[in-house]
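K.L.:
Dropping a prediction and its sequence here:
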Amino acid sequence: IKRHDILISSSIESSHLISTLCCLLSLLSFCTERMVASAFLPELWTEILIPVCAVVGIVFSLFQWFIVSRVKVSGDQGASSSSGGAKNGYDDYLIEEEEGVNDQSVVAKCAEIQTAISEGATSFLFTEYQYVGVFMVFFAAIIFVFLGSVEGFSTESKPCTYDSTKTCKPALATAAFSTIAFILGAVTSVLSGFLGMKIATYANARTTLEARKGVGKAFIVAFRSGAVMGFLLAASGLLVLYITINVFKIYYGDDWEGLFEAITGYGLGGSSMALFGRVGGGIYTKAADVGADLVGKIERNIPEDDPRNPAVIADNVGDNVGDIAGMGSDLFGSYAEASCAALVVASISSFGINHDFTAMCYPLLISSMGILVCLITTLFATDFFEIKAVKEIEPALKNQLIISTAIMTVGIAVVSWVGLPSSFTIFNFGTQKVVQNWQLFLCVCVGLWAGLIIGFVTEYYTSNAYSPVQDVADSCRTGAATNVIFGLALGYKSVIIPIFAIAISIFVSFSFAAMYGVAVAALGMLSTIATGLAIDAYGPISDNAGGIAEMAGMSHRIRERTDALDAAGNTTAAIGKGFAIGSAALVSLALFGAFVSRAGVHTVDVLTPKVIIGLLVGAMLPYWFSAMTMKSVGSAALKMVEEVRRQFNTIPGLMEGTAKPDYATCVKISTDASIKEMIPPGCLVMLTPLIVGFFFGVETLSGVLAGSLVSGVQIAISASNTGGAWDNAKKYIEAGVSEHAKSLGPKGSEPHKAAVIGDTIGDPLKDTSGPSLNILIKLMAVESLVFAPFFATHGGILFNHTLHQLPSHPGLSLPFIRSSSSSPHIASLLLPQVVALHTHSSNHHKSLLHHHHRHHTMLLHFSPTKPLFSPPNLRRNPPAIAISPPRSLRIRAIDAAQIFDYETQLKSEYRKSSALKIAVLGFGNFGQFLSKTLVRHGHDLITHSRSDYSSAASSIGARFFHNPHDLCEQHPDVVLLCTSILSTESVLRSFPFQRLRRSTLFVDVLSVKEFPKTLFLKYLPKEFDILCTHPMFGPESGKHSWSGLPFVYDKVRIGGEDSRHERCDKFLKVFESEGCRMVEMSCEEHDKHAAGSQFVTHTMGRVLEKFGVESSPINTKGYETLLDLVENTSSDSFELYYGLFMYNQNALEQLERLDMAFESIKKELFGRLHQVYRKQMFGGGEGKKTEQKLLNDGVVRVKEESSSSSSS
């Protein structure tokens, strides 16, 4: 400290900052003490703490920038007078003095190179932002038009989506504010990337100059510069989001559902800009990098970043526009989307319902605490400890991750305690799940620590300090092919542990707090984003520093120091990518949950064709996207290689260093290629949700999102780690720090050339395709969420153009024509005997269609702007006649008289109250057999089956539904399972239980009973009633009468209410009144008896059928019985018989007993026959002597043969 005035000043300023931080923590402690009684932070303190923490982060970043700026990059020595003529304001001992190099010429050269890199990066970003700006305006217009059309650009208030008793702001307002939020997110993302680039280009030459004094000084400058970007991005993102929420709240007031639905545009804007930044910057940097390496290192055998290489400036510019600007926008997008996903779910949970602002801002409080924690963590690297040797660099960076994670765990506990009620509810697909504050604390922590695990696993697979990368380097002995094979294998293997970490995080967080838990787990992973960005930005800054040292002609010792910094930076960059990909997976899942809730999709059934095609297409998209970006890099690199070769071949003196290369042409090639090539991948990602949602509907779009998430995460991890491993394998050989590494080197050796080829292949994987994939899965999810209202209203036009029929109703036949376009149209139909009656109650609207005695003219108005039967309304308030599937429909009556026939209505209501509405699943032969009797007893029957039985259902007075969701919207009292035994489990797995009443009675009529009972208890929610029955007769045996035939039943689970028991008894009364012999028996006991009766009966019937018994003119009574048995059993399918065997654990025992009995009878028959033959052959006593002689001769012959065989 005595020797270095910069350390004195920075320590003094750091002490002031620590004092300020202590004051803030004291304030938080005071606040906590005041809130012990209620364990809840007041709204006023929340409104103060969040912006104050954001401002602290911005101030700290400016403070770090100020310290970095103290390193001068110019020939002006005005600042040196204060230190007695010391160079650059310091009196440190410089390497250049020892080697006799003029210090000022080196500084001037560094300044010149820095200016060229900064100008190139700025020029590229301005060009890119011009194109992106046009896209931003165009897409903002799409958002406004699409969302505004949901209600026909109406300015009238509407019932809220999740609570129809409340009134929300019109959809036009949501469209306008979503558009504004989108623009704010896009601008913030662009600024985050641009400022990060300016900071990196400001610090790269300063890091080079500080490397002359030691690796520790260079490390601190590079890390401080990364911290400037990290804190500036984290704090500005938090501050802009917080201000946006409060400004929007002025208009929305108590309509928090609409407020936070509009806020999702903020995340969409951030990610859409990040996509173009990552793709465009990645193509730029890798085109230059590949071109420079292939020609420079392999063909011309010159060092990396050699000033003679024409692509060297473009390469260094690319590090800043791709790894800095793109990465900054990427992580900002992740933060914005995680916050938006959590806020959307919270707005329809108790936080939003009760207008609890502090609990609502829990995601923002986590980010605020993260800024303070990262501030303390940064001081450990810059002030508390000093780097003195190369081997201390990587541990110092790893300690940043460990320290920030440990302190943040305590910080999350504090925030969860003071910012949350002890108990609250979270929206969980139509229900409210009770959650404790400690459970939410664990959700955040599991995401936080999963991020650390992913980071360390990534480090293990990409750092050359560990065996995986060393094995890849060793494979270079035999050439590039084995290097590529080992690298790919490493990338695939590196996916395993991160996927398990993500899976465990999802399971734990969802179990505790549903999708909100997943969202805050993602925020936990991103809570230390400031430290993560500082570590990530440190790598490209160090890489640039090494390039400047090489181009400025500095000592090889300085280049060794910058290479050491760069090697650690490669690993930390890979760790940063791991964090980004892991958080992207959690963020995407949280956004996916918010989307399906908003779009009214509660079950993504992979057995539905619409979903499975979506899954396949979604899983394919990351491959398509990767192919486009990889090919773009290859095309641009091809042009770059040709240009570099041209300059080496045509510029005299270039290899000798006497001529200067044309850097500008290479910069132009990278710029033009990246701008041109970034558009197709960007359009693929941005247009896919719009096309799929509009043309194919929300179910198919759900499949696309799920498929892209599953495959995208794994490809991204594999690609990033493969590229990182190849890069560090090359550096491992170049460094030669171990005997093993020395045996593979030096630079220019065949193993080194093979390593360079692997590094070149890995460049687009780790810096273009891999990092861009996490944006793909996030961006598609958040875009789907923003457009969810539009898709729910107008989506799926290709699947919804067919003609549908309303369910049958007495006196009503109403054809329902689907609109084949999103524009409203009017169809005038003359409908007899129909009148629309609209009744209003305090809780909800009911739409009823009644029979009337007069003819009335009706107008059917199909309007997508004001849906009468929207999915959420159908779920809460099912109309008397549900439309399948629900669509926008308004019915206007002309000359409609009032209903006056009260007597008929009362009779109808009484009949309905005494009847059960029974849904029959599986309307095959047996289902139709039972349904006829159920209808005859006056029950209302609705049916569903995989095959089309609509005509059969209509013939007996039942209604048939092709879609099980539509059947469930009828809310049956009883669901009767008449499926085959083998298909029962698949039917239950895919059945939309959530659309039924929570007290529905489930009944099965299978021939085995333990099997369905187990399935019911496994799949049915615990609120559902369960009745297991077995009519021990079928269409053949019961075709004349059911009288005296046994009907077995077991009341497995019936609720405590009297109405539930009455409903169960009413169902059983049907069979009792038909004369069945009612037998109440447990499922276990039934299967034991059934194996001995039913299974044996079916077995004997099928054996006789195979035997081919036929009627004869002299049939006996017993033979007639056998013929009847064959007739009864052969009419049943073999699937039924197989089910009796497969799912009754006693059947196998009965089959073995039958086999034993048959063998016993055969043995007895042949035994008797053998005795008869003996008597005939041998007679009496003489016969016995002959028999004994034959037996003795046989024994002798056997003994002789055995002895002969043994001696042989």
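P.N.:
Structure's in. What do you need?

K.L.:
Any stretches of the stretch 1001-1150 of the chain with poor pLDDT?
P.N.:
In the predicted model of the stretch 1001-1150 of the chain, residues 1091-1094, 1131-1133, 1135-1136, 1139-1140, 1143-1145 satisfy pLDDT under 70.

K.L.:
Report the central residue of this protein.
P.N.:
When the chain is reduced to its mean C-alpha position, the nearest residue by Cα atoms, centre = their mean turns out to be L589, at 3.3 Å.

K.L.:
how much distance is there from the helix or strand that contains that residue to the middle of the chain?
P.N.:
Under the criterion of DSSP states H and E, L589 resides in helix 556-599. Relative to its chain's centre, helix 556-599 lies at 17 Å (Cα atoms, centre = their mean, to the nearest Å).

K.L.:
Could you look up the next helix or strand downstream of it?
P.N.:
helix 609-650.

K.L.:
who are the neighbours in contact with the residue nearest to the centre of the chain?
P.N.:
I506, M515, V518, L709 (Cβ atoms under 8 Å, 6 or more residues apart in numbering). Placement of C-beta: from N, CA and C, glycine included.

K.L.:
Grab the nearest non-local neighbour of the second one.
P.N.:
Pointing back at M515 there. G593 (3.2 Å; Cβ to Cβ, 6 or more residues apart in numbering).

K.L.:
my guess is that neighbour meets A342, correct?
P.N.:
No: judged on Cβ atoms under 8 Å, G593 makes no contact with A342 at a distance of 10.7 Å.

K.L.:
what do those two both touch?
P.N.:
What both G593 and A342 touch, as defined by Cβ under 8 Å, 6+ apart, is the set A519.

K.L.:
More neighbours: which of the two?
P.N.:
When G593 and A342 are compared for neighbours, A342 comes out ahead with 28 against 25, by other Cβ atoms under 10 Å.

K.L.:
so where does the more buried one fall, helix or strand?
P.N.:
helix 327-347.

K.L.:
and what of D1124?
P.N.:
Going by DSSP H and E, D1124 is part of helix 1117-1130.

K.L.:
Centre of the chain to that helix, how far?
P.N.:
The answer for helix 1117-1130 is 59 Å, by Cα atoms, centre = their mean.

K.L.:
That one: which residues count as buried?
P.N.:
L1122, L1123, L1125, V1126, N1128, T1129 (16 or more other Cβ atoms under 10 Å).

K.L.:
So the first one versus G517, what's the distance?
P.N.:
The one in question is L1122. Applying Cβ to Cβ, to the nearest Å, the value for L1122 to G517 is 64 Å.

K.L.:
longest helix of this structure?
P.N.:
helix 103-148 (DSSP state H).

K.L.:
For that helix, name the packing helices and strands.
P.N.:
helix 95-99, helix 171-210, helix 256-292, helix 312-318, helix 529-551, helix 663-677, helix 679-696, helix 788-794 (3 or more Cβ pairs under 8 Å, 6 or more residues apart in numbering; DSSP states H and E).

K.L.:
G322 is in contact with K286, isn't it?
P.N.:
Yes: under the criterion of Cβ under 8 Å, G322 makes contact with K286 at 7.4 Å.

K.L.:
Next, show the common contact partners of these two.
P.N.:
In contact with both G322 and K286: D767, T768, using Cβ under 8 Å, 6+ apart.

K.L.:
more crowded one of these two?
P.N.:
Legend: neighbour count by other Cβ under 10 Å for G322 and K286, higher for K286 (33 against 30).

K.L.:
ok, which stretches of the stretch 1001-1150 of the chain are strands?
P.N.:
1001-1004, 1025-1031, 1046-1053, 1077-1080 (DSSP state E, counting those that start in this stretch).

K.L.:
Just the CA atoms of the last one, as PDB, please.
P.N.:
Output of strand 1077-1080 as PDB, limited to C-alpha atoms (Å, rounded to 0.1, in the frame of the first residue of the first chain):
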ATOM      1  CA  ARG A1077     -77.900 -60.400  -7.200                       C
ATOM      2  CA  MET A1078     -76.000 -57.600  -5.500                       C
ATOM      3  CA  VAL A1079     -72.800 -58.900  -3.800                       C
ATOM      4  CA  GLU A1080     -70.600 -56.400  -1.900                       C
END
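
K.L.:
same for it, what does it pack against?
P.N.:
Using 3+ Cβ pairs under 8 Å, 6+ apart, the elements in contact with strand 1077-1080 are strand 1046-1053, helix 1058-1073.
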